[in-house]
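**Student:** When you get a sec, could you give me coordinates for this:
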Amino acid sequence: MNVTYKPLLPETEQPIIIIGASGIVKDAHLPAYKMAGFKVFGITNRTTSKAHAMAESHNIPHVFDNVAEAVKNAPKNAVYDITVLPDQYIEILEQLPDGAAVLIQKPMGNNYKQAKDIVAVCERKNLVAAINFQLRFASFVSAARNMIDQGLIGDLYDLEFKVTVKTPWELFPVIKQHPRLEILFHSVHYIDCIRSFLGNPKRVMARTTKHPLKDLSSCRSTIILDYGDTMSVKINTNHDHDFGTKIKKVI
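**Tutor:** Take a look at the predicted model:
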């Protein structure tokens with residue numbers, strides 16, 4: 001079996017400006033940029049002290065007081081990494097240079113209208129914009145797609161994501177009380193990954209549920225995506241598996 005794929009890396013150095021100093025920046029974005037060899041030029045945050053702390057711990061050379069200052073001092077080929085909540089996206093996007101490259105944290109708005117407004121701003125300013133759905137670009141997903149494209153494992157007719165975890169929602173206090181928590185901030189990754197394989201479904205049937213002991217709008221989801229009579233596609237997520245990882249043998 002010959003699996004051949006290469007990661008899509010830029011041919012030229014693209015300095016990064018980070019807008020927002022959240023936990024996802026510290027735990028995911030900055031470690032990933034370091035592994036890939038990407039250079040972070042600067043960072044800004046509404047609470048400037050958080051930006052300074054992040055810059056000091058990750059050797060970021062420039063800290064800016066606000067978005068306007070970051071844009072003014074940014075290299076012309078800078079990529080803007082927006083890692084704030086959706087309510088702030090449009091305000092920030094309006095301040096970026098026309099034609100700029102920008103990575104926007106998911107979800108793409110809190111609702112359909114907000115998502116359409118965000119798209120309208122990106123199109124009007126001719127931004128090269130992407131929502132941070134990184135799962136479709138993960139190395140194991142690229143390998144799987146390569147195997148399917150080569151016909152190494154036959155035709156794709158069944159695709160399922162099953163997630164059983166104990167998610168520490170207390171680490172995300174800002175989004176913890178969101179009225180559409182589970183799908184918008186978690187399962188949306190799996191929906192996008194499925195779309196990268198199969199395109200858009202004919203329809204989607206979904207049900208999210210709460211946990212009786214948790215103050216969350218939703219923490220479990222079952223999603224069925226309709227791709228016709230011969231394709232079975234589903235997502236099952238459970239964030240309440242509070243039983244450890246070890247499997248005990250029952251005699």
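**Student:** quick one: average confidence on stretch 14-24?
**Tutor:** In this model, stretch 14-24 carries a mean pLDDT of 93.
**Student:** let me fix that: stretch 174-191
**Tutor:** Mean predicted lDDT for stretch 174-191 stands at 90.
**Student:** Enumerate the positions of that stretch that are buried.
**Tutor:** For stretch 174-191, a neighbour-count test (16 or more other C-beta atoms under 10 Å) marks H178, L181, E182, I183, L184, F185, H186, S187, V188, H189, Y190, I191 as buried. Just so you know, the C-beta spots here come from the backbone N, C-alpha and C atoms, and that holds for glycine as well.
**Student:** Same question for stretch 34-45.
**Tutor:** F38, V40, F41, G42, I43, T44, N45.
**Student:** Please convert those residues to JSON lines, extending it with secondary structure and distance to Y112.
**Tutor:** Formatted as JSON lines, those follow (DSSP: H, G, I helix; E, B strand; the rest coil; distance: C-beta to C-beta, whole Å):
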{"residue": "F38", "secondary structure": "coil", "distance to Y112": "33"}
{"residue": "V40", "secondary structure": "strand", "distance to Y112": "33"}
{"residue": "F41", "secondary structure": "strand", "distance to Y112": "34"}
{"residue": "G42", "secondary structure": "strand", "distance to Y112": "33"}
{"residue": "I43", "secondary structure": "strand", "distance to Y112": "31"}
{"residue": "T44", "secondary structure": "strand", "distance to Y112": "29"}
{"residue": "N45", "secondary structure": "coil", "distance to Y112": "29"}
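**Student:** okay, who's weakest in the residues you listed by pLDDT?
**Tutor:** F38 (93).
**Student:** if you skip the residues just before and after it, what's nearest to it?
**Tutor:** Nearest residue to F38, sequence neighbours excluded (C-beta to C-beta, 6 or more residues apart in numbering): I16, at 6.0 Å.
**Student:** just F137 next, same as before
**Tutor:** Nearest one to F137, counting by C-beta to C-beta, 6+ apart, is L8 at 7.1 Å.
**Student:** right, and that neighbour touches S139 too?
**Tutor:** No: using C-beta atoms under 8 Å, L8 makes no contact with S139, being 11.0 Å away.
**Student:** Going C-terminal from the helix or strand hosting I17, what's the next secondary structure element?
**Tutor:** Taking DSSP states H and E as the definition, I17 sits inside strand 16-19. The element immediately downstream of strand 16-19 (helix or strand, assigned by DSSP H and E) is helix 23-24.
**Student:** which other residues reach the helix or strand following that following helix?
**Tutor:** Next in sequence after helix 23-24, counting helices and strands by DSSP H and E, comes helix 30-36. For helix 30-36, the external contacting residues (C-beta atoms under 8 Å, 6 or more residues apart in numbering) are L9, I16, K39, V40, M54, H58.
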